[in-house]
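In: Need a 3D model of the sequence below.
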Amino acid sequence: MSKVISLASSDKGVISITKIEKPYGEDSKPVVSIGISLNGDAENPDWKAHIPVENVDEVCAALKEVANS
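Out: Numbers count the residues shown, from 1 in each chain. Have a look, this model is predicted:
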């Protein structure tokens with residue numbers, strides 16, 4: 001599953017969010033990949049971060065806390 005969100009303050013930019021089951025090989029654990037593409041190409045982001053699925057709730061809470069501070 002994946003989602004694409006328009007990147008605020010840009011003409012074509014997008015934020016892509018995708019779950020990757022085995023990002024680093026057979027023994028690796030799932031991650032959520034968050035990509036930023038300034039030209040709208042969600043498949044080939046300019047930047048990306050991989051968040052272990054186990055940390056997603058905590059990261060979401062921290063993002064909200066920092067955004068609202």
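In: count of neighbours near Gly13?
Out: For Gly13, the number of neighbouring residues by other Cβ atoms under 10 Å comes to 19. From N, CA and C alone the C-beta is placed, and that goes for glycine too.
In: residue contacts, Leu38?
Out: Leu7, Ser10, Lys12, Gly13, Asp46 (Cβ atoms under 8 Å, 6 or more residues apart in numbering).
In: Which parts of this structure are strands?
Out: Here the chain has its strands, by DSSP state E, at 2-6, 14-20, 31-37, 47-52.
In: which stretch among those strands comes nearest Glu65?
Out: strand 47-52 (16.0 Å; Cβ to Cβ).
In: list the helices and strands the closest one packs on?
Out: For strand 47-52, the packing partners by 3 or more Cβ pairs under 8 Å, 6 or more residues apart in numbering; DSSP states H and E come out as strand 31-37.
In: nearest residue to Ile36 other than its sequence neighbours?
Out: Nearest non-adjacent residue to Ile36, counting by Cβ to Cβ, 6 or more residues apart in numbering: Trp47, 4.7 Å away.
In: Let me fix that, I meant to ask about Asn44.
Out: In this structure, Asn44 finds its nearest non-sequential neighbour in Ser37, 6.8 Å apart by Cβ to Cβ, 6+ apart.
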